[in-house]
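In: Sequence first, predicted coordinates after that:
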Amino acid sequence: MQGHPSKLRVRPEVRAVRAGVIETRRDLHRRPELSWQEHRTQQVILARLRELGLADVRPIATTGATGLVEGRGNGPAVLWRADIDALPVPERSNLPFASENEGVMHACGHDAHIAIALGLAELLAKGSSELPGSVRFVFQPAEESSGGARACIADGVLDGPRIATVLGLHISADVPVGSINVAPGPFFASPTAIRIEITGRGGHAAAPHQSVDAVVVAAHVITALQTVVSRAVGPSETAVLTIGKVTAGFRGNVIAESAAMTGTIRTYSDRVRALMLQRMEEILAGVCAAFGATFELKHTTSCPPLVNDARVAAMVRAEGEEFFGAANIFAAPSMGADDMADFLQERPGCYFWLGARNEAKGIAGRHHDPGFVIDEDALELGLEFGLRLIERALADPPAR
Ligand code: NI
């Protein structure tokens, strides 16, 4: 079967570091740390980068790290980004190297991202005299909260040397091992957190005519908000509006004075987000006025849409077809969010999913779930493929 992981041609140098990379991943998995608290993780990374002899090894973004593999000459530079934080999820994977940090888990695979990036640094450092340009590794904290990518950029990782191409991968528990998911253009959404507060007038449940029932108003609002995507956003656009939490009331025989709702908007463009927020305001104003309630709508956008550069994405796809086989390249953008988007706003580049699902081995987890698991065979495939991409990006960078 073409693309079957065991049949893929991984160079001997990659095979040679495979065991070490898996060991690194397991060590990190055992000791996950939350966003902005990646202190041990940072020390492990910095120590390893120094051991490998990288240049410009230093902490960035409070709990992140960077290092540079210097190629010969002043060729264009590539940035490889790996996020490093874990989630407040109690692990129930039954793995022998399960989390020893109670209530915290690498439930999104960022441990694998660190291990692959350190493996790439090791392989590239060994052959750095052959590289036409430099490769900067960025180990970014706080992808799961917010601000990690921007903090790295503020610490100057895009210059000195000037980065021409940004690359990175996310391990995937959905995509089968031996395949990737990549597409040009919008690939992850811009997430906007929303909070709505509706204020009515409380009272006795047996005297509703004296009150403005915030629960009833909230119910109408939630129903009407379903028309934002179905009736206001153009049918060829992509958008999501979800109300995930509603809180109201005190007890069954009291009419609720207020109701609070939180949710998320996901879009591929600022224009569609602005349209949706405007429509939400109008619906809230109309519905609340009809029932005699008032409202407040608050929203915060944590990162822009993640947009893959057409040329770099085509390069990743072409290289993917060669390595994994054409049948093993998926092109399915998602409405998830990842602040790799911030790097890709600054420089052309590409972010893609690396398959790590393997139903034959019973490895079929879900991201952010206590039972999240990956097939570690994906690590050496990520190494070989990452190496090919970096080599190709250095040889043939996008126009400045
Ligand atoms: Ni993630």
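Out: Perfect, I can see it now.
In: residue ranges with poor pLDDT in the stretch 301-400 of the chain?
Out: 398-400 (pLDDT under 70).
In: ok, which stretches of it are helices?
Out: With DSSP state H, counting those that start in this stretch applied, the stretch 301-400 of the chain shows helices at 310-323, 340-346, 377-395, listed in chain order.
In: Nearest to Gly355 among those helices would be which one?
Out: Of all the helices of the stretch 301-400 of the chain, the one in closest proximity to Gly355, counting by C-beta to C-beta, is helix 377-395 (6.4 Å). In this view, the C-beta of every residue, glycine as well, is placed from N, C-alpha and C.
In: packing partners for the closest one?
Out: Applying 3 or more C-beta pairs under 8 Å, 6 or more residues apart in numbering; DSSP states H and E, one finds that helix 377-395 contacts helix 12-30, strand 75-83, helix 110-126, strand 133-140, strand 163-176, helix 310-323, strand 349-357.
In: Is it possible to get TSV of the ones you listed that adds distance to Gly156 and mean neighbour count?
Out: Written out in TSV, the entries for the helices and strands packed on helix 377-395 read as follows (distance: least, C-beta to C-beta, whole Å; neighbours: other C-beta atoms under 10 Å):
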stretch	distance to Gly156	mean neighbour count
helix 12-30	26	17
strand 75-83	12	25
helix 110-126	19	25
strand 133-140	10	27
strand 163-176	10	24
helix 310-323	22	19
strand 349-357	17	26
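In: Just give me the lowest mean pLDDT stretch among those.
Out: If you rank the helices and strands packed on helix 377-395 by mean pLDDT, strand 75-83 sits at the bottom with a mean of 94.
In: Which neighbours in the sheet does that one have, and how are they oriented?
Out: Next to strand 75-83 in the sheet, as set by DSSP bridges, lie strand 133-140 (parallel), strand 163-176 (parallel).
In: so the shortest one versus helix 377-395, what angle?
Out: Going back to what we said before, that points to strand 133-140. Taking axes from the mean of the first three to the mean of the last three C-alpha atoms, to 10 degrees, strand 133-140 and helix 377-395 form an angle of 140 degrees between their directions.
In: Report the backbone C-alpha coordinates of strand 133-140 in PDB.
Out: Written as PDB, here are the backbone C-alpha positions of strand 133-140 (Å, rounded to 0.1, in the frame of the first residue of the first chain):
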ATOM      1  CA  GLY A 133      20.600  29.500   4.500                       C
ATOM      2  CA  SER A 134      19.800  29.500   8.200                       C
ATOM      3  CA  VAL A 135      17.000  27.800  10.100                       C
ATOM      4  CA  ARG A 136      15.500  29.400  13.200                       C
ATOM      5  CA  PHE A 137      13.600  27.200  15.600                       C
ATOM      6  CA  VAL A 138      10.900  28.800  17.700                       C
ATOM      7  CA  PHE A 139       9.400  27.000  20.700                       C
ATOM      8  CA  GLN A 140       6.300  29.000  21.400                       C
END
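In: Against which helices or strands is the next helix or strand after it packed?
Out: Toward the C-terminal end, the helix or strand that comes next after strand 133-140 (DSSP states H and E) is helix 148-154. When contacts are defined as 3+ C-beta pairs under 8 Å, 6+ apart, helix 148-154 sits against strand 64-69, strand 75-83, strand 133-140, helix 340-346.
In: In JSON lines: those, plus distance to Leu389.
Out: Output for those, formatted as JSON lines (distance: least, C-beta to C-beta, whole Å):
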{"stretch": "strand 64-69", "distance to Leu389": "14"}
{"stretch": "strand 75-83", "distance to Leu389": "8"}
{"stretch": "strand 133-140", "distance to Leu389": "11"}
{"stretch": "helix 340-346", "distance to Leu389": "15"}
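In: picking that back up, Throw the strands paired with strand 75-83 into TSV and include distance to Ser99, thanks.
Out: Output for these, formatted as TSV (distance: least, C-beta to C-beta, whole Å):
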stretch	distance to Ser99
strand 133-140	19
strand 163-176	17
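In: For Ala55, find the nearest of these.
Out: The closest of the strands paired with strand 75-83 to Ala55 is strand 133-140. By C-beta to C-beta, the value is 8.3 Å.
In: gap between the closest one and the chain center?
Out: For strand 133-140, the distance between its averaged C-alpha position and the chain's averaged C-alpha position is 18 Å (C-alpha atoms, centre = their mean, to the nearest Å).
In: what's the angle between it and helix 110-126?
Out: Per the same axes, to 10 degrees, the angle that strand 133-140 makes with helix 110-126 is 160 degrees.
In: Kindly state the beta-bridge partners for Arg357.
Out: Beta-bridge partners recorded for Arg357 (DSSP bridges): Pro176.
In: wait, it sits on Asp174?
Out: Yes: the pair Arg357 and Asp174 passes the contact test of C-beta atoms under 8 Å, sitting 6.0 Å apart.
In: Among the helices and strands packed on helix 377-395, single out whichever gets nearest to Arg195.
Out: Smallest distance to Arg195 across the helices and strands packed on helix 377-395 (C-beta to C-beta): 26.1 Å, for strand 75-83.
In: could you give the mean pLDDT of stretch 194-204?
Out: Model confidence over stretch 194-204, given as mean pLDDT, is 97.
In: From start to finish, how long is it in a straight line?
Out: Across its full length, stretch 194-204 reaches 30 Å end to end, with C-alpha to C-alpha, to the nearest Å as the criterion.
In: so what's the nearest residue to Gly148 once chain neighbours are set aside up against?
Out: Nearest in space to Gly148, with sequence neighbours left out and distances taken as C-beta to C-beta, 6 or more residues apart in numbering, is Ala142 at 3.3 Å. Contacts here follow C-beta atoms under 8 Å, 6 or more residues apart in numbering; on that basis Ala142 touches Ser35, Trp36, Glu38, Ala61, Thr63, Asp85, Gly148, Ala151.
In: out of the residues you listed, who's nearest Ser302?
Out: Proximity of the contacts of Ala142 to Ser302, judged by C-beta to C-beta, is greatest for Gly148, which lies at 10.4 Å.
In: residue contacts, the residue most central in space within the chain?
Out: When the chain is reduced to its mean C-alpha position, the nearest residue by C-alpha atoms, centre = their mean turns out to be Asp338, at 3.0 Å. By C-beta under 8 Å, 6+ apart, Asp338 lies in contact with Asp83, Glu143, His170, Phe188, Cys303, Leu306, Tyr351.
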